[in-house]
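**Student:** sequence and predicted structure below; questions after.
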Amino acid sequence: MTTTPKKTTKTRTVRTRSSEPKPEIDLPANPFMFEVFELVSKQKTKQKKVETLRKYDHQSLRSIFIWNFDESVISMLPEGNVPYADANDQSVYSGTLSENIDKEIKGGESAIGQDLDSSGRTSLRREYQNLYHYVKYGNNKLNNIRRETMFINLLRSLHPQEAQILILTKDKKLETKYKITKDIVSEAYPEIRWGGRS
């Protein structure tokens, strides 16, 4: 008696990608500006970037965008890195304030934050109403030394990544770090009128 072997067929399982969207990241109720900018930068499409900006809309964001993208807003601060005002800081810590802010963001030691703990810091969300001091026609009564000293003090009081945003904004270089353009901002906030500020 002969038996014929049974044929077995292998079935291949094909995995399909789920069409469900990834869960959205929700920021805290009053997020830092850098948290919003990082979240917007991570969005893949222009429409998602616009939606994220609308979701976290705050006048502080608009103020930074206007200073950065509106050519009629002229900064009254020197361009480039921000030096320390205190000679003692210069001898104890090497580098400019801008470089030390970068070090602190990366977790290294820096001069800023030595006297302030995290609870003593402020944010651009709280301080945006004082930004007029640093642009043309904002506060003409300030002399340059006083204005620059106030700016340095503000930077030292901010979270390091918020301070970095302010340094980029004064030089109109926000796009060098974050994937946010004037076109995206204009679509998110059509109420902003560009130009005619100086």
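**Tutor:** Nice, thanks for sending it over.

**Student:** other SSEs contacting the helix ranked longest in the chain?
**Tutor:** Secondary structure of the chain per DSSP state H: the longest helix is helix 144-157. Here helix 144-157 touches helix 97-105, helix 160-170, going by 3 or more Cβ pairs under 8 Å, 6 or more residues apart in numbering; DSSP states H and E. All C-beta atoms are positioned from the backbone trio N, CA, C, and that covers glycine.

**Student:** buried ones in it?
**Tutor:** The neighbour-count check on helix 144-157 (16 or more other Cβ atoms under 10 Å) flags Arg147, Glu148, Met150, Phe151, Ile152, Leu154, Leu155, Arg156, Ser157 as buried.

**Student:** quick check: closest non-adjacent residue to Phe34.
**Tutor:** Excluding the flanking residues, the one nearest Phe34 by Cβ to Cβ, 6 or more residues apart in numbering is Gln161, at 3.8 Å.

**Student:** oh sorry, the question was meant for Thr122
**Tutor:** Ser157 (5.1 Å).

**Student:** check what pLDDT that neighbour gets.
**Tutor:** Per-residue confidence (pLDDT) for Ser157: 93.

**Student:** let me see the contact set for Lys136.
**Tutor:** Val73, Ile74, Ser75, Met76, Ser198 (Cβ atoms under 8 Å, 6 or more residues apart in numbering).

**Student:** okay, now the closest residue to the third one other than its chain neighbours: neighbour count?
**Tutor:** Distances taken as Cβ to Cβ, 6+ apart put Lys170 closest to Ser75, at 4.7 Å, once the chain neighbours are dropped. Taking other Cβ atoms under 10 Å as the criterion, the count of residues near Lys170 is 22.

**Student:** I'd guessed Lys170 sits against Ile74; true?
**Tutor:** No - using Cβ atoms under 8 Å, Lys170 is not in contact with Ile74, being 10.5 Å away.

**Student:** quick one, which of the contacts of Lys136 are buried?
**Tutor:** Among these, the ones that count as buried by 16+ other Cβ under 10 Å are Val73, Ser75, Met76.

**Student:** what segments of the chain are helices?
**Tutor:** Using DSSP H, helices in the chain cover 33-42, 46-55, 59-69, 87-92, 97-105, 124-127, 144-157, 160-170, 182-188.

**Student:** and those, which one averages the lowest pLDDT?
**Tutor:** Looking at the helices of the chain, the bottom one is helix 87-92 with a mean of 45.

**Student:** looking at the helices of the chain, which is buried most?
**Tutor:** Among these, helix 160-170 has the highest mean neighbour count (mean count of other Cβ atoms under 10 Å), at a mean of 22.

**Student:** helices or strands next to that helix in the packing?
**Tutor:** helix 33-42, helix 59-69, helix 97-105, helix 124-127, helix 144-157.

**Student:** columns distance to Gly138 on top of those, output as TSV?
**Tutor:** As requested, the helices and strands packed on helix 160-170 are exported to TSV (distance: least, Cβ to Cβ, whole Å):
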stretch	distance to Gly138
helix 33-42	19
helix 59-69	10
helix 97-105	21
helix 124-127	14
helix 144-157	9
